[in-house]
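Chemist: okay, here's the prediction I keep looking at, along with the sequence it came from:
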There are 2 protein chains.
Amino acid sequence: MATCDGSEARAALERSVLRRVPPLLTDLYQFTMAYAYWRAGRHNEPAVFELFFRDNPFGGGFSLFAGLSDCLLFLQNFAFSDDDVEYLRSVLPAGTDAAFFSYLKELDCSAVSVSAVPEGSVVFARVPLLEVCGPLAVVQLLETSLLCLVNYASLVCSNAARFRLAAGPRRRLMEMGLRRAQGPDGGLTASRYTYIGGFDLTSNALAGRLFGIPVAGTMAHSYVTSFSSLEEVWPQTLVPCGGGGPIDFICLVKGWLGRVCQLLGSKTSLVREGELAAFLSYAIAYPQNFLPVIDSYSVSCSGLLCFCAVALALCELQYQPLGVRLDSGDLCRQSLEVRRVFKECNKQFSVPQFESLIIVGTNSISEQSLAELNKKVSNEIDVVGVGTHLVTCTRQPSLGCVYKLIEVRGRPRMKMSEDPEKSTLPGRKSVYRLLDTDVLPLFLSLFVVVII
Amino acid sequence: MATCDGSEARAALERSVLRRVPPLLTDLYQFTMAYAYWRAGRHNEPAVFELFFRDNPFGGGFSLFAGLSDCLLFLQNFAFSDDDVEYLRSVLPAGTDAAFFSYLKELDCSAVSVSAVPEGSVVFARVPLLEVCGPLAVVQLLETSLLCLVNYASLVCSNAARFRLAAGPRRRLMEMGLRRAQGPDGGLTASRYTYIGGFDLTSNALAGRLFGIPVAGTMAHSYVTSFSSLEEVWPQTLVPCGGGGPIDFICLVKGWLGRVCQLLGSKTSLVREGELAAFLSYAIAYPQNFLPVIDSYSVSCSGLLCFCAVALALCELQYQPLGVRLDSGDLCRQSLEVRRVFKECNKQFSVPQFESLIIVGTNSISEQSLAELNKKVSNEIDVVGVGTHLVTCTRQPSLGCVYKLIEVRGRPRMKMSEDPEKSTLPGRKSVYRLLDTDVLPLFLSLFVVVII
C-alpha cells in the first residue's frame, strides 16, 4: 500500500478540491436570486436548506453518503475573486446595483453551519444528509456546488458497495475506470470513493498519491503487441534472486517452454514469439512483479504457455511470479483452464509457487456479471478489475440529490409542486434509526424522521 | 451572450485544463510498461497508437468527436514534477533502476505528433479519431489521459447533438445539469461540449466565463418558497421604464391580480401570498428580466395568476416581461393552458407584449421525451432546459474509446484477442468519406478506411 507524507498529501488534496470547485462553478440563477434577496434586504435572514435524495439508487434499499469532507473544504474556502465578480457584472442584468458586487467580494461562509451524517454512512431516501444553516443569500449560493460534490461521490460509493456485496468478502476488487470516466475529475472521484465503498485497489496513480489508496497494474496489450521477436529482449540475462552470476534468461525460458508444451500437448510453433519476448522482457525488468495479460493472441495456444515458461524460469531463479490477467472471452471458463494448468505444472515440475499464483479478470464487469461470477463455484478468479460499469454507474448514472429550503427566520418552508413526488417536507428534522436486534441492522432498520 | 476578454479567458482555460489532467492522473501500468520498454532500450523506438471507438453511441449511426483541443494542451504541457516522480519511486517495484526516474523527470512530448479529425466532426465507429506518433514509452504513457479527455467530451457532445435532432431546429435548448453531473469537472465539460453539440445556453456560470457560452437563469423554487408575505417585499416601488416618479408596485400588482382573477374566474383567496411576494420582489429587482418558475405551489390556482398580475403591472410601466418556467407535471398540457391565458390577457387588456412571452420547460427531459414533445403540435414550449439525462448520458454513460498500438518501427502491430470484437486493425490508415450526392451526407455516407 502506498501512502505519501500526510501533510503534503493533504495540502495537494486541498488544492485539488478547491481548483475543481471554484465558487463560480454554479448555476447563474443562484446569483440572480442572491441579488433579489439582497435587493429586498433579506440576504442575512437566517435560513436552512436540506440536501437529500428522493429514491435509493440502483433500485436498491440503501445508499452510502460521501463527499462531506470536500463540501467542508469548499465552504471553508468559499470566496469570489475580483475576476469572478467582474464576469458576473458582465452577465447579470444591466440594472444590477453596483453595491451588490461589493457585497459578493466580501462574502464567505463564516456564518454558515453544517450538520451532516458522517462520511461513508449508510443512508436512505428522503433522509436529510446535510443541513446547511446560514444567511439566506449565502446558503442559496452554495446549492449547486454542494449538490455536485455529494451527488456523484455518494452514487459511485454506493455503486462500489453493491459491487462489493455482489463479489462477496473474499475476492479482491480493483477499480480501473479512469479512461472511461465522465472526465478526469470523475475518474479521480471514482477511485477515491469506490475505495471507501469497499474496493481494495485502484489503477489510478494520482488517487494513490492524493488519497493513499493502494495502486496496482502491470501491463496492457499494447506492451505485448509492441514486441515481435526475441531479438528485442534486452538485457537477456537475469541474476538469481539469491545472488550469483547472471543467467541467460532467454535460453532458460526456451527450455521451459519446450517442457511446458510437451506437458500440455501444445505446439511450440503456435506460440507467438512477440508475446514470449514481451513476457521475458517484463520479467527481466520486474522479476518480482510478473503478472502479464495473457490474451493478446490466444490464451491456450500462446499466452498461457509463455506465462508458464517464464514463470517456471523465474521460480528456478527463486523469484515468485504473481499471476496472470485475463481481459477477454469467458473469464470463468478460462480461469478454470488456467488454474488446471498451474496445478499440472506444480505436479510435474514441483513448483509450489504455482499454487499461490493469482488470476485477475477484467472484461466489462458489471454488478450483475460479478454476482453471477460469484455464484459459480466453477471459477478461479482471485481479483476482479472493474472499469466502465463501476465508475459511470451505468445502471443509474445520477443520484438525483436535491437541496431544498426548509426554514426561513425560524418558520418552516415547503414546496407543494404539481408532482406530489416533488413536494418537500417542511421544517428541520431529527433523524433516528431504530435497529431491530434480531435482524441485520444495515438493510432492515427503520428510519424515522421527526420534524422538530 | 457573455464572453470575456480572449487572452485572459484562454489563460484561465489553460490553467483549468492542466490542473484537471496532471500527468500522474493515469493508470499505474503505464509506468511499469514504460519502465520495461526503457529497461529493454526500446523506449525511443518510433511507435503509433490510434484512438477510436468500436460502436456508435446510443445505438445510433454517428458520433461527434470532441476533446481535441484539451488533448493538445495536455501534450504541450506534459511533464512530471519532482513530487510526481518521488511518488512513483515509492510505488513502483523495489528493483526499478534509479536512472529511470531521471528519465521520467526529463520527459516531454516534443517528439510526439498527432493527426486527428477536426474538433466537432461527425465520426463513425472504428475510424481513427487520433493517431499519436512518437517514442514508444512516451506515447504509451499518454494512453489513459487522452482516452479520458476524448471519451466523455465526445459522448456528451454526441448526446447533445441527438437532443438537438430530437428537438428540431426551432426550439432553444439550455443545458442545466451541473448539479447532477459526475463531478464538478464532468459538469463543466458537459456545458462546454453540449454547446458544441447544438445547445444554445447553459446555466453554468464558470462555463460562461471560461468558454464564452451564453448563460441564463432566473430563479428556483427555494426563492419562491422563501417568501411568505407581502411584508417581505422591499422596496415596494418601481420607477417606470421610461422614467418618472416611483410607483407603488404592490398596489399596482394587487389591482391587476383582481382583474386577472376576474377574467379567468379564479379565486384570489387561493393565490399564495408568498408566491406573489416572491414574484413582486424579483420583478422590482429585475424588471427587465422577469421569468419566474410558476409551479412551486399550483400553476393554475396561484403561479400563473401571480405571473400575469406582475407581468401586466410591468407592461403598464413599459417593461417587457420575459416569460415563465414550468418545472413539474405535464409540461405540454400546462404550456397550452399558459399560452391560452397569455392570449386572453392580451385580448382583454391589450398587452401585445404578452404575445412574445416565452415558456421554458424543465422536468427530467430525456431525448425520448423531447422527441415526443417535438412531435406534438399541441405544446407551446419555446425553451427546453435539460439536466441529468443530457450530462450523465443516461442511455449510455461511456463512449468506450480505446487506444491501440498499430505500428512500431514501421511495422504494423495487431492484437488478436479471445473476442474477435476486440481484435485490432493493424497499420496506419487513411480515412476517406464518400458522399452520395443524392442523399443526406451526414448519415448515409460511406466511410472507407484504407490501410496505407
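Modeler: Alright, I've got the coordinates.
Chemist: burial of A:Val260, as a residue count?
Modeler: By the criterion of other C-beta atoms under 10 Å in any protein chain shown, A:Val260 has 27 neighbours. (C-beta placed from N, C-alpha, C; glycine too.)
Chemist: need the contact list for it.
Modeler: Neighbour list for A:Val260: A:Ser266, A:Leu305, A:Cys308, A:Ala309, A:Leu312, A:Cys345 [criterion: C-beta atoms under 8 Å, 6 or more residues apart in numbering or on different chains].
Chemist: so what's the first one up against?
Modeler: The contact partners of A:Ser266, by C-beta under 8 Å, 6+ apart, come to A:Val260, A:Ser300, A:Cys301, A:Leu305.
Chemist: which parts of the stretch 151-300 of chain A are helices?
Modeler: A:184-196, A:205-211, A:221-225, A:249-264, A:273-285 (DSSP state H, counting those that start in this stretch).
Chemist: and the first one, is it in reach of chain B?
Modeler: Yes. For helix A:184-196 and chain B, the contact criterion (C-beta under 8 Å from any C-beta of the partner chain) is met by A:Pro184, A:Asp185, A:Gly186, A:Gly187, A:Leu188, A:Thr189.
Chemist: thought the fifth one was touching B:Leu25?
Modeler: Yes. With contact defined as C-beta atoms under 8 Å, A:Leu188 reaches B:Leu25; the gap is 6.4 Å.
Chemist: which parts of the stretch 51-200 of chain A are strands?
Modeler: For the stretch 51-200 of chain A, the strands defined by DSSP state E, counting those that start in this stretch occupy A:63-64, A:113-116, A:122-123, A:130-135, A:172-175.
Chemist: among those, which is nearest chain B?
Modeler: Shortest separation from chain B across the strands of the stretch 51-200 of chain A is recorded for strand A:172-175, at 10.5 Å, computed as C-beta to the nearest C-beta.
Chemist: and which of the residues of helix A:184-196 next to chain B is nearest chain B?
Modeler: For these, the nearest to chain B is A:Asp185 (3.4 Å; C-beta to the nearest C-beta).
Chemist: and the closest one, how many neighbours?
Modeler: Applying other C-beta under 10 Å, I find that A:Asp185 has 29 neighbouring residues.
Chemist: that one - nearest residue in space that isn't next to it in sequence?
Modeler: Sequence neighbours aside, B:Asp185 is the residue nearest to A:Asp185 in space, at 3.4 Å (criterion: C-beta to C-beta, 6 or more residues apart in numbering or on different chains).
Chemist: tell me the pLDDT at that neighbour?
Modeler: With respect to pLDDT, B:Asp185 scores 90.
Chemist: residues contacting it?
Modeler: A:Arg20, A:Gly183, A:Pro184, A:Asp185, A:Gly186, B:Arg20.
Chemist: look up how far A:Val341 lies from A:Ile358.
Modeler: Distance of A:Ile358 to A:Val341, computed by C-beta to C-beta, to the nearest Å: 14 Å.
Chemist: of those two, who's got more company?
Modeler: The neighbour count for A:Ile358 versus A:Val341, taken as other C-beta under 10 Å, is higher for A:Val341 (20 against 15).
Chemist: touching, the more buried one and A:Cys261? I think so.
Modeler: No. Here A:Val341 does not reach A:Cys261: they are 11.6 Å apart, not a contact under C-beta under 8 Å.
Chemist: burial count for A:Pro420?
Modeler: Neighbours of A:Pro420 (other C-beta under 10 Å): 8.
Chemist: oh, that last question was meant for A:Glu372, not what I typed.
Modeler: Counted with other C-beta under 10 Å, A:Glu372 comes out at 13.
Chemist: next: A:Cys109.
Modeler: Here the number of neighbours of A:Cys109 (other C-beta under 10 Å) works out to 22.
Chemist: can you list the low-confidence ranges for the stretch 51-200 of chain A?
Modeler: For the stretch 51-200 of chain A, applying pLDDT under 70 flags no range at all.
Chemist: how about the residues of it by chain B?
Modeler: Going by C-beta under 8 Å from any C-beta, the residues of the stretch 51-200 of chain A near chain B are A:83-84, A:87-88, A:90-91, A:93-96, A:136, A:140, A:143-145, A:147-149, A:151-153, A:155-156, A:176, A:178-189.
Chemist: would you say A:Ile359 is within a strand?
Modeler: Yes. Membership of A:Ile359 in a strand is supported by DSSP: H, G, I helix; E, B strand; the rest coil.
Chemist: surely it touches A:Glu337?
Modeler: No. Applying C-beta under 8 Å, one finds A:Ile359 not in contact with A:Glu337, separated by 10.3 Å.
Chemist: these two: who's more crowded?
Modeler: The neighbour comparison of A:Ile359 against A:Glu337 (other C-beta under 10 Å) goes to A:Ile359, with 23 against 15.
Chemist: partner residues bridging the more buried one?
Modeler: Note on A:Ile359: beta-bridge partners A:Val324, judged by DSSP bridges.
Chemist: ok, and what's touching stretch A:49-58?
Modeler: Contact with stretch A:49-58 is made by A:62-63, A:124-132, A:139-140, A:142-143, A:146-147, A:150, A:154-155, A:158-159, A:162, A:367, A:393, A:395-396, A:399-406, A:421, A:428-429, B:222, as judged by C-beta under 8 Å, 6+ apart.
Chemist: from these, which would you call buried?
Modeler: Buried subset of those (neighbour count, 16 or more other C-beta atoms under 10 Å in any protein chain shown): A:62-63, A:124, A:126-132, A:139-140, A:142-143, A:146-147, A:150, A:154-155, A:158-159, A:162, A:367, A:393, A:395-396, A:399-406, A:428-429, B:222.
Chemist: export the contacts of A:Ser266 to TSV and tack on distance to A:Tyr286?
Modeler: Putting the contacts of A:Ser266 into TSV (distance: C-beta to C-beta, whole Å) gives the following:
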residue	distance to A:Tyr286
A:Val260	21
A:Ser300	25
A:Cys301	25
A:Leu305	20
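Chemist: relative to chain B, which of the residues you listed is nearest.
Modeler: In terms of C-beta to the nearest C-beta, no member of the contacts of A:Ser266 lies closer to chain B than A:Ser300, at 9.3 Å.
Chemist: can I assume the closest one is in contact with A:Glu337?
Modeler: Yes. Here A:Ser300 reaches A:Glu337: they are 6.7 Å apart, a contact under C-beta under 8 Å.
Chemist: distance check, the closest residue to chain B within the stretch 251-400 of chain A against A:Cys241.
Modeler: Closest approach of the stretch 251-400 of chain A to chain B (C-beta to the nearest C-beta) occurs at A:Gly329, with a separation of 3.1 Å. In this view, A:Gly329 and A:Cys241 are 33 Å apart by C-beta to C-beta.
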